[in-house]
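Participant: whatever this is, show me its structure:
(chains A and B)
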Amino acid sequence: MPGSTQIPYRKSSWWKLNQQRLTPWIFLFPGLVLFLVYVIWPIFNSLYISLLQWDGLSPAIYVGFSNYIELLDDEYFYISLINNIKWLIFFMLAVPIGLGLAIFLNQTIFGIRLIKSLFFFPFVISQVVIGIIFAWFYNPRGVIGPFLEAIGLGNYAILADEDFATYGIIFAGIYPQIAYCMILYLTGLNNLNTDQIEAGRMDGAKGLSLFKNIILPQLRPATFLAIVVTVIGSLRSFDMVAIMTQGGPWGSTNVLAYYMFETALSEYGYRMGYGSAIAAVLFTIMMFYILFFIYRMYQSEKKGL
Amino acid sequence: MVIVGGTNMRKILATIIAVTSLGYSSAFAGTLVINTDLTDPAPKAAFDWAFNKFQEENPDVTIEVNNFDHEGYKQAIRNFLTTNPPDVFNWYAGNRMLPFVRAGLVEDVSDIWSDTGWVDGNLTEGMSHAKKPMTIGGKQWGIPYTYYQWGVYYRKDLFEANGISVPTTWDEFVAACATLKAAGITPITIGSKYLWTTAGVFDYLNLRTNGYEFHMALTKGEVPYTDPKVHAVFDKWDELVKPGYFLENHASLAWQEAIPPMVNGEAAMYVMGNFSVALFKEGGLTNDNLGFFQFPEITPGIPMAEEAPTDTMHIASGAKNKTDAKRFLIFLSRADVQEEMNKTLGQLPVNSGSKVDPDPFLEAGLNMLNNAYAMAQFYDRDAPAEMASEGMKGFQEYMVNPDRRDKILERLEKVRQRVYK
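Facilitator: Predicted structure coming up:
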């Protein structure tokens, strides 16, 4: 407004001039420092260690890429990689199953809150506890084995079967993951736009076509989130393996994360360099995946979705 | 006696403080810092007694104990030895201590073993049979205070009911298995989920087929795994695995979970260490129906060596109070101290001057070990960790899929060439 009294610059210092630009950085500074120290530096340090032969105690020896070359010839590495892929594929089942359950539970009848909370339950229990309980189920003297024996199929211990043990663990891992996806979808279903559904109904859409063309598109944010957490969950499938089989029988249920731990940090391990090389491979896989999703997210934001 | 910590967390915090505040010192003159993982009731009671007794005899020394959780200790030892070394710590004999010795973290205590002036001149005498596992590069790196025997634990009543007498030769052993199998009893129970139980079977088959020297050569990496002598061990193993003499589904059972079949009378034998007796008895077996015998002879004429994993005490090379640490090690090697401690532990004293409680299993073990040609520490303590872990995975795989023997041995040979280069 012309003529109104302006607050005069008492001193036009450098700080005053750059305040606007500097303030965000000052607020970011503590976070950035922590991020650098605890995330960025360890990544590069691990990459460096992967070029060494080192047991954590004796002096390290620089060996170049020989850890990676050894990886290429390591049977257990391929087993772990394939198991990771199995995890990735079968863990995805949690998304449609979670959606199905969410739709099933999204009704208003007496006592539905109690039923919903029962379905949430697996998500509340710690992964470790789920792993232990499922290991008991699968134990030949636990629940499933004696049951099969009783109906005349013979005792069977899935965790001792190299071909199927991984599926046994994935099944245990999926159990809480379904509940997680279900929660995501239930919140999504709460936010559905009823006008759109009514409009769709008026135009004659019902059943599957209503679901496919009107409900599902509105659940896109929930689906995106469910897929992201499920993929990440499957890639870090360390805890279940550690609790249920320790990678056994004879390494057949190893995944990259557990194999890394086993070589670098377990009782018989302490090959820091080799473990770091495995970590680097796992990091690369995750990086590709994350970059892909960030790109997708960026694209859809540009479109205004 | 001051007991500090008790949890891993406290120790980690202490380590952090030690690292951040340079010059921090947990020990001053007259204080003896001891790190242990003896949290189970029996070892804890045995050591509490020993600490008190040492304190009584040496009123000028204050003992400070940092007790760790057993599993956490395996990780923690690497940290505390490098950052904040105690004066004394417990560990295991054989190859298990090699990485620490090689990294210069353990104090050479050869003088305790050689200087007769230290303990009335009887240390080497009373423990000479246990000197070898304590020796690396011609020097001794600690003292042993307890060990226990391995062998075959069996159901006396099941043997009797099937007309089997205790087998002393391989043929008798295999025949006994066949008889039991025919009677609908699983001859040998085992839980191989955590792998090491398979190594007990392998070690005994190897010690009896090829002898102690070959066991040491193999674990030191001097012999290829594709050697005919290794195949000979697996030939013997085949005689047990192929007819299905081992408990089925063993790969999904922990060693404790393989005990109920034997308690229930579904299985008759277990190749195990003496620590299993407590669990057998908890399950309801008594001295009347639980027995022990030495693993039978395979190749006639080969001197009988036994498995006897030994627990040991060491001084850290960074110890601040080495004088009192040595006094403590000498105290711990005394016959009367080992006798009293092992009564509580339910294990065998290493010092041959000690007596054991009148327990049939301990007496049998003591008798067997005193007549043993040599003592192996166990596959995973004699072989380096990497080799042991791959080896035991291979043994487990073999026990489920005996047809894959060649493939497994080739893989182990590849590991051997890498580990020992």
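Participant: contacts, neighbours, all on C-alpha from now
Facilitator: Noted.
Participant: and the helix or strand A:Gly173 falls within, what's buried?
Facilitator: Assigned by DSSP states H and E, A:Gly173 falls within helix A:165-190. Going by neighbour count (16 or more other CA atoms under 10 Å in any protein chain shown), the buried part of helix A:165-190 is A:165-186, A:188-189.
Participant: again, but for stretch B:257-268
Facilitator: Result for stretch B:257-268 [16+ other CA under 10 Å]: buried residues B:Glu257, B:Ala258, B:Ile259, B:Pro260, B:Pro261, B:Met262, B:Val263, B:Glu266, B:Ala267, B:Ala268.
Participant: for B:Leu285, give me its contacts.
Facilitator: B:Val263 (CA atoms under 8 Å, 6 or more residues apart in numbering or on different chains).
Participant: domain map for the chain?
Facilitator: All of this is about chain A. For chain A, the structural domains run A:14-62, A:69-303, going by automatic domain parsing.
Participant: switch to chain B, that's the one I care about
Facilitator: Using automatic domain parsing, chain B is parsed into the domains B:2-146+B:311-363, B:150-307+B:384-419.
Participant: same list (these) but as JSON lines, adding mean pLDDT and distance to A:Ile89.
Facilitator: Shown next, in JSON lines, are the domains of chain B (pLDDT from 0 to 100; distance: least, CA to CA, whole Å):
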{"stretch": "domain B:2-146+B:311-363", "mean pLDDT": "78", "distance to A:Ile89": "34"}
{"stretch": "domain B:150-307+B:384-419", "mean pLDDT": "90", "distance to A:Ile89": "25"}
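Participant: helix/strand/coil for the nearest residue to B:Phe292 once chain neighbours are set aside?
Facilitator: In space, and not counting its chain neighbours, B:Phe292 is closest to B:Tyr153: 4.5 Å by CA to CA, 6 or more residues apart in numbering or on different chains. Three-state call for B:Tyr153 (DSSP: H, G, I helix; E, B strand; the rest coil): strand.
Participant: and for the one 10 residues further on?
Facilitator: Classification of B:Gly163 using three-state DSSP returns coil.
Participant: for B:Asn66, same thing?
Facilitator: Applying three-state DSSP: B:Asn66 is strand.
Participant: please name the bridge partners of it.
Facilitator: Counting by DSSP bridges, B:Asn66 forms beta bridges with B:Val4, B:Asn35.
Participant: is it true that it touches B:Leu38?
Facilitator: No: counting by CA atoms under 8 Å, B:Asn66 sits too far from B:Leu38 to count as a contact (9.8 Å).
Participant: which of the domains of chain B sits closest to A:Thr223?
Facilitator: Minimum separation from A:Thr223 across the domains of chain B (CA to CA) falls at domain B:150-307+B:384-419, 37.1 Å.
Participant: could you identify which of the domains of chain A has the lowest mean pLDDT?
Facilitator: Lowest mean pLDDT of the domains of chain A: domain A:69-303, a mean of 85.
Participant: tell me how far that domain lies from the chain's centre.
Facilitator: 8 Å (CA atoms, centre = their mean, to the nearest Å).
Participant: ok, B:Pro296 to B:Met272 distance?
Facilitator: As judged by CA to CA, to the nearest Å, B:Pro296 and B:Met272 stand 14 Å apart.
Participant: would you mind listing what in chain B touches chain A?
Facilitator: Within chain B, the positions lying close to chain A (CA under 8 Å from any CA of the partner chain) are B:74-75, B:78, B:82, B:99-100, B:102-103, B:193, B:249-253, B:385-386, B:388-389, B:393-394, B:396-397.
Participant: are any of these buried, and if so which?
Facilitator: In the residues of chain B next to chain A, the ones that pass as buried (16+ other CA under 10 Å) are B:74, B:78, B:82, B:99-100, B:193, B:249-253, B:385-386, B:388-389, B:393-394, B:396-397.
Participant: helices - which of these land there?
Facilitator: B:74, B:78, B:82, B:99-100, B:385-386, B:388-389, B:393-394, B:396-397 (DSSP state H).
Participant: okay, which residue is most central for chain B?
Facilitator: In chain B, the residue lying closest to the centroid (CA atoms, centre = their mean) is B:Pro309, at 2.6 Å.
Participant: grab the nearest non-local neighbour of it.
Facilitator: Per CA to CA, 6+ apart, closest to B:Pro309 is B:Gln377, 4.4 Å.
Participant: my read: the one you found touches B:Ala130, true?
Facilitator: No: between B:Gln377 and B:Ala130 there is no contact under CA under 8 Å: 10.3 Å.
Participant: just give the nearest non-adjacent residue to the residue in the stretch 51-200 of chain B positioned nearest to chain A, would you?
Facilitator: Closest approach of the stretch 51-200 of chain B to chain A (CA to the nearest CA) occurs at B:Ala103, with a separation of 5.2 Å. Among residues not flanking B:Ala103 along the chain, A:Ser58 sits closest, at 5.2 Å (CA to CA, 6+ apart).
Participant: hang on, that neighbour in a strand?
Facilitator: No: assessed by three-state DSSP, A:Ser58 does not belong to a strand; its assignment is coil.
Participant: that one - how many residues pack around it?
Facilitator: 14 (other CA atoms under 10 Å in any protein chain shown).
Participant: list the contacts of stretch A:79-94.
Facilitator: A:166, A:170, A:173-175, A:177-178, A:181, A:227, A:230-231, A:234-235, A:237, A:251-256, A:259.
Participant: which of the buried residues of stretch B:257-268 lies closest to chain A?
Facilitator: Taking those together and measuring to chain A by CA to the nearest CA, the closest member is B:Glu257, at 8.6 Å.
Participant: from chain A, how far out is B:Asn210?
Facilitator: 26 Å (CA to the nearest CA, to the nearest Å).
Participant: spit out the contact partners of that residue.
Facilitator: With CA under 8 Å, 6+ apart, B:Asn210 has these contacts: B:Lys229, B:Val233, B:Thr299, B:Ile302.
Participant: check contacts around the nearest residue to the third one once chain neighbours are set aside.
Facilitator: Nearest residue to B:Thr299 in three dimensions, chain neighbours excluded: B:Thr209, at 5.2 Å (CA to CA, 6+ apart). Remark: with contacts taken as CA under 8 Å, 6+ apart, B:Thr209 is in contact with B:Ala232, B:Val233, B:Ile298, B:Thr299, B:Ile302.
Participant: can you pick the most crowded of those?
Facilitator: Going by other CA under 10 Å, B:Ile298 tops the contacts of B:Thr209 with 23 neighbours.
Participant: so that residue touches B:Arg208, yeah?
Facilitator: Yes: counting by CA under 8 Å, B:Arg208 is a contact partner of B:Ile298 at 5.3 Å.
Participant: number of nearby residues for A:Gly200?
Facilitator: A:Gly200, neighbours per other CA under 10 Å, totals 17.
Participant: and the host helix or strand of it, what does it pack onto?
Facilitator: When elements are defined using DSSP H and E, A:Gly200 is found to belong to helix A:194-202. Helix A:194-202 sits against helix A:207-210, with contacts defined as 3 or more CA pairs under 8 Å, 6 or more residues apart in numbering or on different chains; DSSP states H and E.
Participant: what's next to whichever helix or strand comes after the helix it packs on, contact-wise?
Facilitator: Using DSSP H and E, the helix or strand that follows helix A:207-210 in sequence is helix A:216-218. Residues from elsewhere that reach helix A:216-218 (CA under 8 Å, 6+ apart): A:Leu192, A:Asn193.
Participant: can you name the next helix or strand after helix A:216-218?
Facilitator: Once the chain leaves helix A:216-218, the next helix or strand it forms, by DSSP H and E, is helix A:220-235.
Participant: neighbouring contacts of that following helix?
Facilitator: Residues contacting helix A:220-235 (CA under 8 Å, 6+ apart): A:84, A:87-88, A:91-92, A:94-95, A:177, A:180-181, A:184-185, A:188, A:257, A:286.
Participant: for that helix, buried residues please.
Facilitator: By neighbour count with 16+ other CA under 10 Å, helix A:220-235 contains the buried residues A:Ala222, A:Thr223, A:Ala226, A:Ile227, A:Val228, A:Thr230, A:Val231, A:Gly233, A:Ser234, A:Leu235.
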